[in-house]
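Visitor: Predicted structure and sequence below. I'll ask about it afterward.
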Amino acid sequence: MAIALRPVCRDDIDALEQIENRSFITDRISRRSFRRFIDQSIGDFQVLTVSGQVVGYYIVLYRQATQLARLYSLAVDPDHRRRGYGSQLLSAAEQDADDRHCLFMRLEVKVDNLGAQTMYHRAGYYDMEIRPEYYEDDSDALVLQKLLPRFEPHPAHNGTQRLVPYRTQTTEFTCGPASLLMAMAYFDIPTRDAHLEELEIWREATTIFMTSGHGGCGPHGLARAANKRGLQVSLHVSESGPLLLDSVRSDSKKQIMARIQEVDIAALTAEGVAIVVGDYSMQNLFDDLANGKLVVGLISTYVFDESKAPHWVLICAADENYVYINDPDQDTFPWQSPADRQYLPIPLATFKRAFGFGKRKQKAAVVLSRAGN
Ligand SMILES: CC(C)(COP(=O)(O)OP(=O)(O)OC[C@H]1O[C@@H](n2cnc3c(N)ncnc32)[C@H](O)[C@@H]1OP(=O)(O)O)[C@@H](O)C(=O)NCCC(=O)NCCS
């Protein structure tokens with residue numbers, strides 16, 4: 001029995017219409033629509049054949065300028081279900097979207113279509129929201145989504161490349177310490193109680209104040225905490241002296257923040273930690289990662305969630321399309337699981353916009369490696 005996937009053609013329309021009528025009660029795709037998709041080569045449209053007979057199909061649509069692909073429809077003829085064809089079509093659809101560098105695949109399914117939902121959940125999709133009265137019969141739709149690109153370890157590593165372990169920050173102000181703890185775990189620096197250590201690093205590196213609530217950590221303090229724990233550190237900052245003061249309105253708070261960063265700078269200098277002032281370029285980042293280093297980098301979350309918060313993440317890898325980060329914050333993309341926040345792919349152009357904080361795009365990168373390297 002030959003099973004094949006191939007692009008749709010006009011001769012498939014009769015079979016597609018039959019599958020459609022046998023698969024959906026409402027919102028069926030009409031012959032006319034199928035013809036339009038085929039004639040105008042809209043999106044990616046493939047059929048699955050068994051011994052030459054069309055038994056299933058999928059259509060993926062794209063919107064220009066978004067990195068979101070939409071699985072517009074997927075169906076398998078009822079006589080051929082539960083043989084893995086639905087899953088095969090789904091992974092081919094994902095591959096198409098991934099080839100076009102889409103970050104997410106999104107789809108809608110009827111809330112009572114539990115069979116299809118099981119298939120999507122098993123393939124790694126998350127429930128996002130319910131869209132009330134979405135279908136022609138007024139039934140509700142469940143919106144599901146999946147993050148598509150995955151970091152591929154370099155083939156030269158023969159499958160032995162160890163991924164940087166992931167850790168979710170336990171408070172809203174400890175993104176820096178959580179990022180540093182992930183790097184410490186990667187470089188085999190033991191911690192007895194990681195939760196306490198996260199708070200301890202924060203006490204050592206906090207800027208005391210920042211936008212509102214507790215201040216997050218500053219680059220100099222984090223570099224000092226990393227050095228104290230036995231990592232090889234070089235700190236790259238876009239300007240000399242204290243950073244992150246621009247968004248602080250109160251002069252007295254500014255003075256305190258400046259004062260403790262000055263103390264950290266003096267301590268780093270005394271400890272012999274390199275502070276490099278200047279632009280830490282994408283090429284610098286690529287070179288450091290290629291040399292086995294990890295980078296705790298300051299990003300602005302504005303491009304992701306339109307809130308202007310400084311945020312530390314651990315930059316773990318990069319390739320020609322994405323920078324992969326371990327994002328310790330579970331609120332940046334709320335629907336994602338911890339597994340999705342490990343090696344989270346950020347398109348290069350997006351990363352460039354996010355790397356740096358505030359109007360002046362102040363940049364800070366704490367570059368880490370094993371001591372002695
Ligand atoms: C959903 C659909 C595409 C699944 O096709 P399929 O070829 O049967 O899928 P698979 O054989 O790959 O099933 C994969 C897994 O999904 C789950 N699953 C699929 N159909 C199921 C059902 N009716 N009940 C419970 N679980 C189901 C099972 O876990 C299954 O694995 P298993 O067979 O090892 O238990 C098919 O039922 C269909 O065309 N339905 C009508 C159209 C539709 O609902 N499309 C999706 C919305 S766009």
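Guide: Good, I have the coordinates.
Visitor: what distance separates the helix or strand L268 falls within from the middle of the whole chain?
Guide: Using DSSP states H and E, L268 sits within helix 251-271. Mean-position distance between helix 251-271 and its chain equals 33 Å (C-alpha atoms, centre = their mean, to the nearest Å).
Visitor: neighbouring contacts of it?
Guide: 205, 207-210, 215, 218, 220-221, 223-224, 227, 235, 241-245, 248, 275 (C-beta atoms under 8 Å, 6 or more residues apart in numbering). To be clear about C-beta, it is placed using only N, CA and C from the backbone, and glycine gets the same treatment.
Visitor: At which residues are the helices of the protein located?
Guide: Along the chain, counting by DSSP state H, helices occupy 13-23, 31-39, 85-99, 114-122, 175-186, 194-205, 219-228, 251-271, 282-290, 302-305, 338-341, 348-354.
Visitor: Please produce TSV containing these, extended by distance to R167, mean pLDDT and mean neighbour count.
Guide: Shown next, in TSV, are these (distance: least, C-beta to C-beta, whole Å; pLDDT from 0 to 100; neighbours: other C-beta atoms under 10 Å):
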stretch	distance to R167	mean pLDDT	mean neighbour count
helix 13-23	44	98	16
helix 31-39	45	96	14
helix 85-99	27	96	18
helix 114-122	25	97	15
helix 175-186	5	98	26
helix 194-205	7	97	18
helix 219-228	15	98	26
helix 251-271	24	95	15
helix 282-290	19	96	15
helix 302-305	19	74	15
helix 338-341	9	78	16
helix 348-354	21	92	16
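Visitor: so can I have TSV of those helices showing distance to the ligand?
Guide: What follows is the helices of the chain, written out as TSV (distance: least, C-beta to the nearest ligand atom, whole Å):
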stretch	distance to the ligand
helix 13-23	4
helix 31-39	15
helix 85-99	2
helix 114-122	2
helix 175-186	34
helix 194-205	36
helix 219-228	45
helix 251-271	53
helix 282-290	37
helix 302-305	28
helix 338-341	20
helix 348-354	29
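Visitor: pretty sure D329 is touching F173, no?
Guide: No. Counting by C-beta atoms under 8 Å, D329 does not reach F173; the two are 10.6 Å apart.
Visitor: Report the buried members of the contacts of helix 251-271.
Guide: Buried residues within the contacts of helix 251-271, counting neighbours by 16 or more other C-beta atoms under 10 Å: 205, 207, 209-210, 215, 218, 220-221, 223-224, 227, 235, 242-245, 248, 275.
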